[in-house]
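Participant: Generate coordinates for the sequence data below:
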Amino acid sequence: SHDLRTPLTLIISPINSLVQKLEQGQQPPTLLTQLKNIRKNAQLLHSQVSTLLDFRRLDTGAETLQSSPSDIVAQLHAICLSFDDYAHERHITLQCQSPEKSFVMTYDKEKMNKMVYNLLSNAFKFTPEGGSITVSFTHDDHEATITVADTGRGIPDPEKAHIFHRFYRAETDDHSQTGSGIGLHIVKEYVTMHGGTVSVSDNVPQGSVFGIRIPIETPSSLPLQGESSISVNREPASQDSASPLGETGEGSGSGSSILVVDDNPDMLTFIADSLAENYDVLTATDGQAALDILHSTSNIWLRLPQTRLGHPQASLDGSRCSFGSHFTSSNISLVISDVMMPGIDGFELCRRMKSDIHTSHIPIILLTARTTDQSKIEGLQLGADDYITKPFNMDVLLLRVQKIREWATTRHQDFKRKLDINPSDITITPLDEQFLQKAIHIVEEHIGDSDFTVETLGQELGMSRSFLYKKLMAVTGQGPAEFIRTLRIKRGMALLQRSQMQVTEIAYTVGFNSLKSFTMNFKAEYGMTPTEFLRTGKNQS
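Facilitator: Numbers count the residues shown, from 1 in each chain. Below is the predicted model of the structure:
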């Protein structure tokens, strides 16, 4: 309660002061500064409340591990980039390093976000201006290691044994740097749920190094070879940058937000609150506001009950929606929209989404009081993925949301598992089907070219690398590099089944530089080497 009172005071007091001056017709000279402070403390308060909710779920045993294969290196880079502005503002060098460009392993992506955000927030809290923070990823055959190293004041040895205990506060002369004593405890609990360990040691010449070690479950693919070390400390940040303060959080890497659109504030709040227990929820009060969010090019996201740390809040249009930062349309996995709205209604929103390559892959559920079959047919013809009439049972809506998300996971698994994949089987719209057909065709045209790269694929599709990654992840569940590798392995399997070619010949035919590389990737995909498949599995395939 004490930790909540401080940011509340720093929100309420300046608001009272501003209201008083504005009522007197004065224009406060410090208006912008005060508003920024209000925003920062509102963000801090929200972060603390989110931390308490996570803590309660852990304390009541309601937290469970939701593991799935994901690219841990890509996620760590995304998290570091979300701290980019704050690093510039503080003149801190922030780097994310990994010996590989990609590494897919099985873990809980949401909890990993919270763990790393938490450790990064603490690192920034205790690192002075001009210092440095480095996030590193390494692994061996059995264990993955993530470290967050800073050049801050360090942690005395007597405190190291206690900092992961609940409610423990480190001794410091700067009382503004104390926390709730919950964040690092949550990190430890999440790491333990993964079957791993977390530790802290001294950095050289000064600072601390937090290390997370978790066992590697069988990966869905092998890492690409090559060095990857990205510095995200570029130009000086603008003065509008907000500090990612707090002890736990989730950023844009979650990729699982639901956008709710309804012009009725009570209905909007009811649906959002019902979803917020399990999902990150964004809201808009009409179709145009929803399109603004979906087509945003400035890393915008909406403040809602599950808002996480590090996302400053501001108002884009008070009549429609309130925005913060670090969410783009690629992070919205589902839209739930009312049909009857002023301006752009639900039908028009659906039509525009499904006819735009940037949003065509996003499922949409339409809600309406119009119960005629013709209305349902109209919505479904426009590309709606489901149609629910009002009044509706919230449990039904929650179940529909769950099933749509499960269907997306099934489509991704089908793409990976089936040898001959038909794009129409795993896409939602004709636009996505055309995109996937073209992507597969381009890769197959270059299947024997070992120098064929993600950049080349993007150029031939007319897409930037970042958008290509987001689009392929949404449609197939794989990034471009894994997409190319999967198609190579599929072709290799087909040649093993249907030709008399030698394994070495097949390896080079499908674009691998060596038999060893082909064998390792083939075994990771199918659980046996090509030779073992020819000997024991071909007749059973």
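
Participant: list the buried ones in stretch 198-211?
Facilitator: Residues of stretch 198-211 classed as buried: V198, V200, N203, G207, S208, V209, F210, G211 (neighbour count, 16 or more other C-beta atoms under 10 Å). Yep, even glycine has a C-beta here, placed from its N, CA and C like the rest.

Participant: wait, stretch 393-405
Facilitator: Within stretch 393-405, the residues that qualify as buried by neighbour count (16+ other C-beta under 10 Å) are L397, L398, R400, V401, I404, R405.

Participant: Which of the buried residues of stretch 198-211 fall within strands?
Facilitator: Among these, the members falling in strands (DSSP state E) are V198, V200, S208, V209, F210, G211.

Participant: how about the residues you listed in CSV, adding distance to L52 and pLDDT?
Facilitator: Converted to CSV, these look like this (distance: C-beta to C-beta, whole Å; pLDDT from 0 to 100):
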residue, distance to L52, pLDDT
V198, 21, 90
V200, 24, 89
S208, 25, 90
V209, 28, 92
F210, 22, 93
G211, 26, 93
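
Participant: hang on, L472 packs against T486?
Facilitator: No: the criterion here is C-beta atoms under 8 Å, and L472 misses it with T486 at 10.5 Å.

Participant: neighbour count winner among these two?
Facilitator: L472 (26 against 20; other C-beta atoms under 10 Å).

Participant: can I assume that one sits in a strand?
Facilitator: No: going by DSSP: H, G, I helix; E, B strand; the rest coil, the assignment for L472 is helix, not a strand.

Participant: pLDDT wise, what is it at?
Facilitator: We have a pLDDT of 87 for L472.

Participant: Show me the shaky parts of this protein.
Facilitator: Under the criterion pLDDT under 70, the flagged ranges of the chain are 1-3, 5-6, 166-181, 218-256, 297-330, 369-376, 379, 391, 419-428, 537-541.

Participant: Select the longest helix from it.
Facilitator: If you go by DSSP state H, the chain has its longest helix at helix 31-59.

Participant: what's the offset of that one from the middle of its chain?
Facilitator: Mean-position distance between helix 31-59 and its chain equals 20 Å (C-alpha atoms, centre = their mean, to the nearest Å).

Participant: what helices or strands is that helix leaning on?
Facilitator: Secondary-structure packing of helix 31-59 (3 or more C-beta pairs under 8 Å, 6 or more residues apart in numbering; DSSP states H and E): helix 2-23, helix 183-193.

Participant: Turn those helices into CSV, columns for mean neighbour count and distance to V510.
Facilitator: Listed next are the helices and strands packed on helix 31-59 as CSV, based on neighbours: other C-beta atoms under 10 Å; distance: least, C-beta to C-beta, whole Å:
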stretch, mean neighbour count, distance to V510
helix 2-23, 13, 57
helix 183-193, 22, 39
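
Participant: So for G458, which of the ones you listed sits nearest?
Facilitator: helix 183-193 (34.9 Å; C-beta to C-beta).

Participant: Summarise which helices and strands the closest one is packed against.
Facilitator: helix 31-59, helix 109-126, strand 197-202, strand 208-215.

Participant: ok now it, how far from the chain's centre?
Facilitator: Chain-centre distance of helix 183-193: 19 Å, with C-alpha atoms, centre = their mean.

Participant: ok, F103 to N521 distance?
Facilitator: Distance from F103 to N521, counting by C-beta to C-beta, to the nearest Å: 13 Å.

Participant: Between L472 and T486, which contacts overlap?
Facilitator: Q478 (C-beta atoms under 8 Å, 6 or more residues apart in numbering).

Participant: of all the ones in strands among the buried residues of stretch 198-211, which comes closest to T368?
Facilitator: V198 (48.8 Å).

Participant: Looking at the helices and strands packed on helix 183-193, which is nearest to M341?
Facilitator: helix 31-59 (27.7 Å).

Participant: which other helices and strands contact the helix or strand that comes right after the closest one?
Facilitator: Sequence-wise, the next helix or strand downstream of helix 31-59 (DSSP states H and E) is strand 68-71. Under the contact criterion of 3+ C-beta pairs under 8 Å, 6+ apart, strand 68-71 touches strand 104-107.
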